[in-house]
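Trainee: from the sequence below, what's the structure:
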Amino acid sequence: MDISQANNNQPRHLMRKRFLIGLALFFIITALAVAGSALRADTELEKLVSSQFNEQQLGLTRQIAKDIQTNFQLLEQGLRLLAERRPALDQAGLDHYLSFFEEWGVLGIGLAPPNNGAFEAGTILFSPRGEAPVWELADSISQDTARLSGDRNPNQAVLGAPLALASGPFAGRFVAPLLLPPRPERPEVLFFLLDLQAVAERYAAGVRSGKTGYAWVIDHQGDFLFHVESDFRGQSSYTIRQARNPDISYERINQLVRTRLLRGEEGTDWYISGWHWDVSGEMRKLLAFSPVSLPPGPDGERRVWSVGLAAPDSEVYGLMHPVVVRQWLMVGLFLLAVFFAAAAFLFIALRWSETLKREVDAKTEHLRRSETELRRERDKVRQSMDQLLQTQEKLMLSERFAAIGEAAAHLSHEIKNPLLLMGGFAQQVRRTLSEDDPRGEKLGIIAGEARRLEHLLVEVRDFTRPPRPSLVDTVLNELVRQVAGLFQGQAESQGVVSRLALAPELPACLLDPNQIKQVLINLTKNALEAMPDGGELFIGTARDGDFVQIEIKDTGRGIPEEVMKKLFHPFFSTKAKGTGLGLAVSYKLVQDHGGEITVWSAPDQGARFTVRLPLKGSAQTPPAPTPSASTSTQESSS
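Mentor: Residues are numbered from 1 along each chain as shown. Sure thing, here's the model as predicted:
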């Protein structure tokens, strides 16, 4: 496969990659959306099932509470019936009553004649076990009777204080008397001795919520009357749980008991437990609770029990599990269907795009080749134009140098002889005059100007007909040191710091030392004149392949852009008394050596002239000088 085919395949692979990424993103987004909907459905289902489960539990607690209340109502009616028939009952009649009420939680029937508001020690209790004194009950029943208010309805029974018996025939029972207050025709107090735990157990035992939920009953003090754990019965619900599993905090259930259950409220909630049947560990249980309204106490205070039904919340999840499994199965099937549909669409789209892509690639390749050919031709034209411009610039500069040189040579020849005669005659006449003759000064001016013009004619001659370079092996670094030494005094007087950076082990160069020295003198002189108020003069040498280069840099104000364009033109000068031939002659001398001069300048950063010469000499003509842009002033050569 060639490069063009590889390049054509890259967009195709990129398109396939994009399709696959798009399919993956579509599938992921769809999966997340469906999964999110399923999770929301699970949450709503969990709330619904939990609500229904709690309502079911609440219905059971209501029924248990209702049954316990009915039990007390039946006992209250039986106690009133017994009071009416008491005078006519013998032992056999009492036994009949006891056998009937025993399944309703009655341990015995008590009869106590009053004595100054207190029961005598001979209080008699009739029970299935026979007649027995109730010494242990005497004080409790006496206290309950003493608290009976005088205006109480004698036909309304009261529930005395509960008592855990430690001895006697009912030792270990948690009992309380159901008292029927005395009245004038019946001064004795008649009561049923009730087994409170048996009453609670009769209606709460065996009740299940879900698979493992169970019921419990607490009295008005928070003590368990019934619990599936037998060792919980008769114990405080606030402490027995902590004793069973001290690693769990039961603050929530204790708070519920104090603030809601013992206040006769009905409702549902949850709490943290440390076990459930034989399973130990922290778990969350759902709780439903209902109050049991009992006969009032001796002082008329309200007596309330509470029935609770607790089940772990895993019961709810067990009910939901089949539904959730079916739901997620449907979600998985839906996602698979979406995936296969998207894959089929991708397959068809890729097949279609392949055909389209081949056609587009063919057209694109044709256009690319045409564009490449056009760019190649454009580059050739641009290169030819650049070469033409450079050649044109060289030609124009050469023609200008030739025209100026021809004119200068002619003028020099026509002016030189008369000028020598004028200068010589002026000197001869001046020598014939006395020293105080005022005409001597004027003749001196004529002679001086003649010498200046003669010097100018020499420079024009050197520019128009420079001698051919006399190439010899020259140590360039030594030549640079000589030029720097010539200007050391001038630099110090101007406050200019000179710095040399000469390349070590620079080989000898084949050049004309006098001509190159003249070039360096012109450039160094210009650099110092650009720093009248002080600065830094840098002169350095370096090797660049088969060439050496000399760099002269100043820290003056730089060369303006408009001056840079004419920098090497003959007779162009920014100095009042400059001839404008210094840089032009320098450029011509470097050019004759097969080298070049380049210029760089920047505003307030000075100027840098770089002279580049071949190591072994060359007859090649270098390109025209290439000055860089500038925005500040510096004078050209003199």
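
Trainee: secondary structure element for Ile550, which one?
Mentor: Secondary structure assignment for Ile550, by DSSP states H and E: strand 547-553.

Trainee: next: Phe192.
Mentor: Using DSSP H and E, Phe192 falls within strand 189-195.

Trainee: I'd like to know which elements that strand is packed against.
Mentor: Counting contacts by 3 or more CB pairs under 8 Å, 6 or more residues apart in numbering; DSSP states H and E, the secondary-structure elements packed against strand 189-195 are helix 3-85, strand 106-112, helix 135-146, strand 174-180. All C-beta spots, glycine's among them, are computed from the backbone N, C-alpha and C.

Trainee: closest to Pro614 out of these?
Mentor: Each of the helices and strands packed on strand 189-195 was checked against Pro614 via CB to CB, and the shortest separation belongs to helix 3-85, namely 41.3 Å.

Trainee: how far does the closest one sit from its chain's centre?
Mentor: When distances are taken as CA atoms, centre = their mean, to the nearest Å, helix 3-85 is centred 34 Å away from the chain's centroid.

Trainee: what inclination does that helix have with respect to strand 106-112?
Mentor: Helix 3-85 and strand 106-112 are oriented at 40 degrees to each other (axes from the mean of the first three to the mean of the last three CA atoms, to 10 degrees).

Trainee: how long is stretch 160-170 end to end?
Mentor: End-to-end distance for stretch 160-170: 17 Å, by CA to CA, to the nearest Å.

Trainee: same question but for stretch 484-504, I mixed them up
Mentor: 17 Å.

Trainee: now that stretch: mean pLDDT?
Mentor: Stretch 484-504 shows a mean pLDDT of 90 in the predicted model.

Trainee: now do stretch 615-635
Mentor: 46.

Trainee: which stretches of the protein form helices?
Mentor: 3-85, 91-101, 135-146, 196-204, 240-244, 251-256, 314-432, 439-464, 476-486, 488-494, 513-529, 561-564, 582-592 (DSSP state H).

Trainee: got the domain boundaries for this protein?
Mentor: 73-196, 200-317, 468-627 (automatic domain parsing).

Trainee: out of these, nearest to Leu58?
Mentor: Across the domains of the chain, the minimum distance to Leu58, taken as CB to CB, is reached by domain 200-317, at 4.1 Å.

Trainee: distance from the chain centre to the closest one, please.
Mentor: 49 Å.

Trainee: ditto for stretch 529-540
Mentor: The chain centre lies 56 Å from the centre of stretch 529-540; the measure is CA atoms, centre = their mean.

Trainee: who's in contact with it?
Mentor: 480, 483-484, 487, 491, 494-503, 524, 527-528, 550-557, 575, 606-607, 634-635 (CB atoms under 8 Å, 6 or more residues apart in numbering).

Trainee: buried subset of these?
Mentor: Neighbour-count burial (16 or more other CB atoms under 10 Å) applied to the contacts of stretch 529-540 gives 480, 483-484, 487, 491, 494, 496, 498, 502, 524, 527-528, 550-557, 606-607, 634-635.

Trainee: how close does the residue nearest to Gly172 when sequence neighbours are not counted sit to Thr610?
Mentor: In this structure, Gly172 finds its nearest non-sequential neighbour in Leu165, 6.8 Å apart by CB to CB, 6 or more residues apart in numbering. Distance of Leu165 to Thr610, given as CB to CB, to the nearest Å: 123 Å.

Trainee: go on, Glu301?
Mentor: 116 Å.

Trainee: Phe226 now?
Mentor: Looking at Phe226 against Thr610, where the rule is CB to CB, the gap reads 111 Å.

Trainee: neighbour count: the two, which is higher?
Mentor: Phe226 (25 against 18; other CB atoms under 10 Å).

Trainee: not counting sequence-adjacent ones, nearest residue to the more buried one?
Mentor: Leaving aside its sequence neighbours, Phe226 sits nearest to Ala200 (CB to CB, 6+ apart; 3.9 Å).

Trainee: which ones are touching that neighbour?
Mentor: 68, 217, 225-226, 305.

Trainee: go on, Val217?
Mentor: The contact partners of Val217, by CB under 8 Å, 6+ apart, come to 64, 68, 200, 204, 224-226, 292, 305-308.

Trainee: sorry, back to before: output the domains of the chain as JSON lines; include the columns distance to Glu393.
Mentor: Formatted as JSON lines, these follow (distance: least, CB to CB, whole Å):
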{"stretch": "domain 73-196", "distance to Glu393": "124"}
{"stretch": "domain 200-317", "distance to Glu393": "93"}
{"stretch": "domain 468-627", "distance to Glu393": "5"}
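
Trainee: ranking those by mean pLDDT, which is last?
Mentor: Mean pLDDT is lowest for domain 73-196 among the domains of the chain, at a mean of 72.

Trainee: I'd say Ala447 and Phe425 touch.
Mentor: No - counting by CB atoms under 8 Å, no contact exists between Ala447 and Phe425, whose distance comes to 9.4 Å.

Trainee: the strand holding Ile550 - contacts with which helices or strands?
Mentor: Under the contact rule (3+ CB pairs under 8 Å, 6+ apart), strand 547-553 is packed against helix 476-486, helix 513-529, strand 535-544, strand 607-614.

Trainee: switch the cut-off to 10 Å
Mentor: Using 3 or more CB pairs under 10 Å, 6 or more residues apart in numbering; DSSP states H and E as the contact criterion, the secondary-structure elements in contact with strand 547-553 are helix 476-486, strand 509-511, helix 513-529, strand 535-544, strand 596-601, strand 607-614.

Trainee: chain center to the third one, what's the gap?
Mentor: Between the mean C-alpha point of helix 513-529 and the mean C-alpha point of its chain there is a distance of 64 Å (CA atoms, centre = their mean).

Trainee: equivalent analysis for the first one, please.
Mentor: Distance of helix 476-486 from its chain centroid, counting by CA atoms, centre = their mean, is 65 Å.

Trainee: which secondary structure elements does that helix contact?
Mentor: On the basis of 3+ CB pairs under 10 Å, 6+ apart, helix 476-486 makes packing contacts with strand 496-501, strand 509-511, helix 513-529, strand 535-544, strand 547-553.

Trainee: out of these, which is closest to Thr391?
Mentor: When the helices and strands packed on helix 476-486 are ranked by distance to Thr391, counting by CB to CB, first place goes to strand 547-553 at 22.6 Å.

Trainee: mind listing what the closest one pairs with, with the direction of each?
Mentor: In the sheet, strand 547-553 lines up against strand 535-544 (antiparallel), strand 607-614 (antiparallel) (DSSP bridges).
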